[in-house]
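Asker: coords please:
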Amino acid sequence: MMECLTFLPLYMERVWGGQRIGSLFQRTLPAGAVIGESWELVDREEAQSVVASGPLKGCSLEELWAKHRTQVFGEGYSQPRFPLLVKILDASQPLSIQVHPPSHQAGNLGGEPKTEFWYFVDVEPGAGIYVGLKRGTCREDFAVALKKGSVAELVHWHPTRPDNFILLPSGRLHAIDAGNVLFEIQQNSDTTYRVFDWNRLGLDGKPRKLHLHESLQSIDFDDFEPYCEEHTNEALAHCQHFRVDRWRLDSPRPANEERKFSIFQVVQGAVEFGSNRFHRGDLFLVPATAHKAEVVPKDGSAVVLRTRL
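Answerer: Modelled structure (predicted):
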């Protein structure tokens, strides 16, 4: 297990998607499909990542977690499923204004909490995100706006740039506006409550379902005007669910200080790990048994995200 693991991406059509995941990251997407999400690493009943090559080729992430947990991931993990979901998103059109239920409400609403982290990789001029509420907005104002169809007027809009990032805890109202391609790292959850969907039709030609009751129970109405960060610190996000660091590599560096797994995504340049070379947009998982092996920048410097539990 001194080599890393790579996985076959799962491409998801979305009404707001496009083809930029293919053009930016040299991937072949289904012709004509509006691909909004590439699920890079997932262990769910409805979707499974599968190892792409090597001795464990064809093994699912569920099998790795159940049968090879200590060897691949390290000791001390007791969650029934691999607890993270990693995606690439292409918002060629705006996503719905939405919220994910906080942990204290999720069970009551029949959903799963989801805290997520966004790292913006490619941003078109004028792009941004809707995030949090405009200062002074209260629950009563929001409920009235829901009935009038004017919710977007109460949501804070913030511009984005490449290498911006933001942590979105469960309960934070949000939507990715058009023109953004980003890496998303999140809890293993697929519960989304739509508040407003721009009065458009879904891929099936019908309006997509809204979840107004659930949304009102989930939104943090004290969350005013958050913003993207762009500092140069190595540590980008650290919450109870995951930690994300950004490495600017000019020389080789061991994958992990501890005997634990690490997930890497290439933001810029190219890196090698063992006999594998990775380029912009690629994801690889370094097993716990290979934690001392080095991530090596090639052809100049490189930038990678490292995610750990």
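
Asker: number of nearby residues for F183?
Answerer: 24 (other C-beta atoms under 10 Å). All C-beta atoms are positioned from the backbone trio N, CA, C, and that covers glycine.

Asker: which helices and strands does the lengthiest strand in the chain pack with?
Answerer: When every strand of the chain is counted residue by residue (DSSP state E), the longest turns out to be strand 294-308. Counting contacts by 3 or more C-beta pairs under 8 Å, 6 or more residues apart in numbering; DSSP states H and E, the secondary-structure elements packed against strand 294-308 are strand 180-187, strand 243-249, strand 253-254, strand 262-273.

Asker: can you give me the domain boundaries for the chain?
Answerer: For the chain, automatic domain parsing gives the domain ranges 10-218, 235-308.

Asker: do you know which of those domains lies nearest C228?
Answerer: Evaluated over these, closeness to C228 peaks at domain 10-218, with 3.9 Å, by C-beta to C-beta.

Asker: quick check: mean pLDDT of that closest one?
Answerer: In this model, domain 10-218 has an average pLDDT of 96.

Asker: including distance to T232, could the helices and strands packed on strand 294-308 go into CSV?
Answerer: Rendered in CSV, the data for the helices and strands packed on strand 294-308 read as follows (distance: least, C-beta to C-beta, whole Å):
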stretch, distance to T232
strand 180-187, 18
strand 243-249, 8
strand 253-254, 17
strand 262-273, 14
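
Asker: skipping adjacent residues, who's closest to L10 in space?
Answerer: Counting by C-beta to C-beta, 6 or more residues apart in numbering, the nearest residue to L10 once its immediate chain neighbours are dropped is W39, at 4.2 Å.

Asker: cool, F73 as well?
Answerer: Leaving aside its sequence neighbours, F73 sits nearest to F261 (C-beta to C-beta, 6+ apart; 4.6 Å).

Asker: if I look at the one you found, how far off is S60?
Answerer: For F261, the distance to S60 (C-beta to C-beta, to the nearest Å) stands at 16 Å.

Asker: do T232 as well
Answerer: With distances taken as C-beta to C-beta, T232 is found 38 Å from S60.

Asker: which residues in the stretch 51-200 of the chain form helices?
Answerer: Along the stretch 51-200 of the chain, the stretches classed as helices by DSSP state H, counting those that start in this stretch are 61-67, 69-73, 103-109, 139-148.

Asker: out of these, nearest to M12?
Answerer: Nearest to M12, of all these, is helix 61-67, at 16.5 Å by C-beta to C-beta.

Asker: if we can go back for a sec, deepest of the helices and strands packed on strand 294-308, which one?
Answerer: Of all the helices and strands packed on strand 294-308, strand 180-187 carries the top mean neighbour count, a mean of 23, counting by mean count of other C-beta atoms under 10 Å.

Asker: show me where the stretch 101-250 of the chain has its strands.
Answerer: The residue ranges that make up the strands of the stretch 101-250 of the chain, judged by DSSP state E, counting those that start in this stretch, are 116-123, 128-133, 155-159, 165-168, 174-176, 180-187, 193-196, 235-238, 243-249.

Asker: tabulate those strands in TSV, adding columns for distance to M12.
Answerer: Putting the strands of the stretch 101-250 of the chain into TSV (distance: least, C-beta to C-beta, whole Å) gives the following:
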stretch	distance to M12
strand 116-123	16
strand 128-133	20
strand 155-159	25
strand 165-168	19
strand 174-176	15
strand 180-187	12
strand 193-196	16
strand 235-238	24
strand 243-249	22
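
Asker: closest to P94 out of the ones you listed?
Answerer: For those, the distance to P94 is smallest for strand 174-176, at 6.0 Å, taking C-beta to C-beta.

Asker: what is the closest one packed up against?
Answerer: Helices and strands touching strand 174-176, by 3+ C-beta pairs under 8 Å, 6+ apart, are strand 97-99, strand 128-133.

Asker: what does it rub up against?
Answerer: Outside strand 174-176, the residues within contact range by C-beta atoms under 8 Å, 6 or more residues apart in numbering are 89, 91, 94-99, 118, 129-132, 155, 168, 182.

Asker: what about stretch 134-144, how long is it end to end?
Answerer: End-to-end distance of stretch 134-144: 15 Å, with C-alpha to C-alpha, to the nearest Å as the criterion.

Asker: which parts of that stretch are buried?
Answerer: Applying a neighbour-count criterion of 16 or more other C-beta atoms under 10 Å, one finds T137, F142 buried in stretch 134-144.

Asker: picking that back up, who's more crowded, T232 and S60?
Answerer: When neighbours are counted by other C-beta under 10 Å, T232 and S60 differ, and S60 comes out ahead with 16 against 7.

Asker: ok, K206 to E13 distance?
Answerer: Note on K206: its distance to E13, by C-beta to C-beta, is 15 Å.
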